[in-house]
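*Asks:* sequence and computational prediction follow.
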Amino acid sequence: MRAFDVIMRIVTSLLGLAMTLMGCVWMMQGLGVGPAAILQGFMVNDIRWTYYGALLALLGLAEIVWSNTRRRGG
């Protein structure tokens with residue numbers, strides 16, 4: 001069971017990291033800042049996507065913290 005706990009901790013941490021990075025991209029698009037590669041599409045200069053991105057980034061950070069501080073099974 002220890003190996004499963006370690007693998008799941010890694011998977012959930014990577015998921016949280018992906019959520020945080022995606023949230024940052026959404027915030028940048030909503031604000032209209034960043035490299036030209038992300039400044040395309042319907043999300044650009046729409047302030048709602050800044051809020052959605054901030055929420056997603058916070059959830060991602062919470063996922064990382066939760067997965068690395070929860071009690072170990074056993």
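*Replies:* Nice, I can see it. A quick note: this is a predicted structure, and the numbers were derived from the prediction, not measured.
*Asks:* show me where the protein has helices.
*Replies:* Assigned by DSSP state H, the helices in the chain fall at 2-31, 47-69.
*Asks:* what's the mean pLDDT across the longest one?
*Replies:* Which is helix 2-31. For helix 2-31, mean pLDDT rounds to 95.
*Asks:* give the buried residues for it.
*Replies:* Neighbour-count burial for helix 2-31, counted by 16 or more other C-beta atoms under 10 Å, picks out 12-13, 16, 19-20, 23-30. In short, each C-beta sits where N, CA and C put it, glycine included.
*Asks:* one more: the shortest one?
*Replies:* Of all the residues in helix 47-69, those buried under the rule 16+ other C-beta under 10 Å are 49-50, 52-53, 56-57, 60, 63-64, 67.
*Asks:* send me it as CSV with only the CA atoms.
*Replies:* Only the C-alpha atoms of helix 47-69 are listed here, as CSV (Å, rounded to 0.1, in the frame of the first residue of the first chain):
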residue,chain,number,x,y,z
ILE,A,47,-12.1,39.8,-17.5
ARG,A,48,-14.3,36.9,-16.6
TRP,A,49,-11.5,34.5,-17.6
THR,A,50,-9.1,36.3,-15.2
TYR,A,51,-11.4,35.4,-12.4
TYR,A,52,-12.0,31.8,-13.7
GLY,A,53,-8.2,31.4,-14.0
ALA,A,54,-7.5,32.7,-10.5
LEU,A,55,-10.1,30.3,-9.1
LEU,A,56,-8.6,27.4,-11.0
ALA,A,57,-5.0,28.3,-9.9
LEU,A,58,-6.2,28.5,-6.3
LEU,A,59,-7.8,25.1,-6.6
GLY,A,60,-4.7,23.7,-8.1
LEU,A,61,-2.6,25.0,-5.2
ALA,A,62,-5.1,23.6,-2.7
GLU,A,63,-4.8,20.2,-4.4
ILE,A,64,-1.0,20.3,-4.1
VAL,A,65,-1.1,21.2,-0.5
TRP,A,66,-3.9,18.7,0.3
SER,A,67,-2.1,15.8,-1.4
ASN,A,68,1.1,16.5,0.4
THR,A,69,-0.2,17.2,3.9
